[in-house]
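Chemist: structure, please.
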Amino acid sequence: MSISTRQPDMINVEVVRQLLHHNQEEQVLAGLYQKLQGLCCPEHGTLPQLQLMPEPGGYSVDLVNDCCPAFTALCADKIQ
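Modeler: Sure, this is the predicted structure:
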């Protein structure tokens, strides 16, 4: 019978929480990009680029490259 002197690894709960939080954000963004797949601005050829903005109780979605009001409206319609 062997006896190990190895100490159990300490788990940093805060790091795990941050990784899970980041993974959830990535999943939300992936879902939004899937809804916008194949969409581009008919006037400028711009592809949508999104960013999640943390808010109390959740997130809002920011269209980073809103080149014109028509493109912004087109993206908003697809997301909703």
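Chemist: now for whichever strand or helix holds Gln18, which elements pack on it?
Modeler: Take DSSP states H and E as the rule and Gln18 turns out to sit in helix 13-35. Packed against helix 13-35 by the contact rule (3 or more CB pairs under 8 Å, 6 or more residues apart in numbering; DSSP states H and E) you find strand 50-55, strand 58-63, helix 69-79. Backbone N, C-alpha and C define where each C-beta goes, glycine included.
Chemist: got the buried residues for the last one?
Modeler: In other words, helix 69-79. Within helix 69-79, the residues scored as buried using 16 or more other CB atoms under 10 Å are Phe71, Leu74, Cys75, Ile79.
Chemist: what lies in contact with stretch 60-70?
Modeler: The contact list for stretch 60-70, computed with CB atoms under 8 Å, 6 or more residues apart in numbering, reads 32, 41-44, 46-53, 71-72, 75-76, 79.
Chemist: what's the per-residue pLDDT of the spatially most central residue of the chain here?
Modeler: Geometric centre of the chain, nearest residue: Leu29, 3.2 Å, by CA atoms, centre = their mean. Leu29 carries a pLDDT value of 88.
Chemist: do you know how far it is from Met53?
Modeler: Going from Leu29 to Met53 by CB to CB, to the nearest Å gives 12 Å.
Chemist: Asp77 now?
Modeler: Remark: distance between Asp77 and Met53 (CB to CB) = 20 Å.
Chemist: what's the answer for Cys41, then?
Modeler: Distance from Cys41 to Met53, by CB to CB: 22 Å.
Chemist: same check, this time on Glu25
Modeler: Taking CB to CB as the measure, Glu25 falls 11 Å from Met53.
Chemist: go on, Leu39?
Modeler: 21 Å.
Chemist: between these two, which has more neighbouring residues?
Modeler: Higher neighbour count among Leu39 and Met53: Leu39, with 17 against 10, using other CB atoms under 10 Å.
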